[in-house]
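Enquirer: need a structure here:
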Amino acid sequence: MPDKYSYILFNKPYLVLSQFTSQEGKRTLSEFGFPKGVYAAGRLDYDSEGLLILTNDGPFKHRLTDPKYGHERTYLAQVERVPDKEALKMLERGVFIGGYKTKPCRVELLKSEPDVPPREPPIRFRKNVPTAWLRITLQEGRNRQVRRMTAAVGHPTLRLIRIRISHLSLDGLKTGQWRYIRKKETIIHF
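Expert: Numbers count the residues shown, from 1 in each chain. Next comes the predicted model:
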């Protein structure tokens with residue numbers, strides 16, 4: 001007997017809404033052939049890319065999205081200019097954005113560009129402004145949090161890719177692809 005619940009990992013492309021209904025003609029999840037009845041468990045901004053989980057399991061969706069069950073989310077962020085040690089420490093300790101201080105997180109300045117597919121359209125190129133890549137792991141997921149954090153320390157995010165939610169990752173999924181996972185794979189340690 002098939003499971004009554006579906007669990008899907010999706011590599012969301014840039015400029016796609018994390019919903020099935022369109023706003024102002026924007027691309028949505030409806031064009032990717034998902035089974036009926038599944039919805040995004042959480043959000044990934046229109047201008048962000050990467051891992052999105054879809055399901056029809058309400059209790060799982062609640063545990064995944066409710067802040068009291070904080071779990072790790074890992075992002076690759078391409079930022080303007082190369083952050084110095086002080087900027088990285090500020091991000092790790094937490095920064096004030098929108099009237100609150102973010103929780104401490106892990107931040108790593110990558111020594112080389114990560115192996116990620118090109119984005120269409122590509123980020124703007126400015127000859128005199130270098131970019132750097134950060135790996136940021138948070139225990140919370142507020143609205144546009146990574147973008148607001150990097151901007152608060154003077155390094156606006158140019159490209160943002162979520163690569164992991166707890167132990168679930170994008171491994172093996174190309175941009176726009178999705179795959180089912182089994183219920184036992186969804187066990188997230190909160």
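Enquirer: any idea what the residue nearest the centre of the chain is bridged to?
Expert: Geometric centre of the chain, nearest residue: Arg162, 2.9 Å, by C-alpha atoms, centre = their mean. Beta-bridge pairing of Arg162 under DSSP bridges involves Gly50, Tyr75.
Enquirer: can you point out the buried residues in the helix or strand of the chain with the lowest mean pLDDT?
Expert: One helix or strand of the chain scores below all others by mean pLDDT, DSSP states H and E: helix 58-65, with a mean of 85. Under the neighbour-count criterion of 16 or more other C-beta atoms under 10 Å, helix 58-65 has Phe60, Lys61, Arg63, Leu64 buried. Every C-beta, even on glycine, is put in place using the N, C-alpha and C of the backbone.
Enquirer: what does that helix contact?
Expert: With contact meaning C-beta atoms under 8 Å, 6 or more residues apart in numbering, helix 58-65 is reached by 5, 7, 39, 41-42, 53, 55, 69, 71, 165, 186, 188, 190.
Enquirer: in strands only, show me those.
Expert: Within the contacts of helix 58-65, residues falling in strands by DSSP state E are Tyr7, Tyr39, Ile53, Thr55, Ile165.
Enquirer: now the buried members of the contacts of helix 58-65.
Expert: Listed as buried from the contacts of helix 58-65 are Tyr7, Ala41, Gly42, Ile53, Thr55, His71, Ile165, Thr186, Ile188; burial here means 16+ other C-beta under 10 Å.
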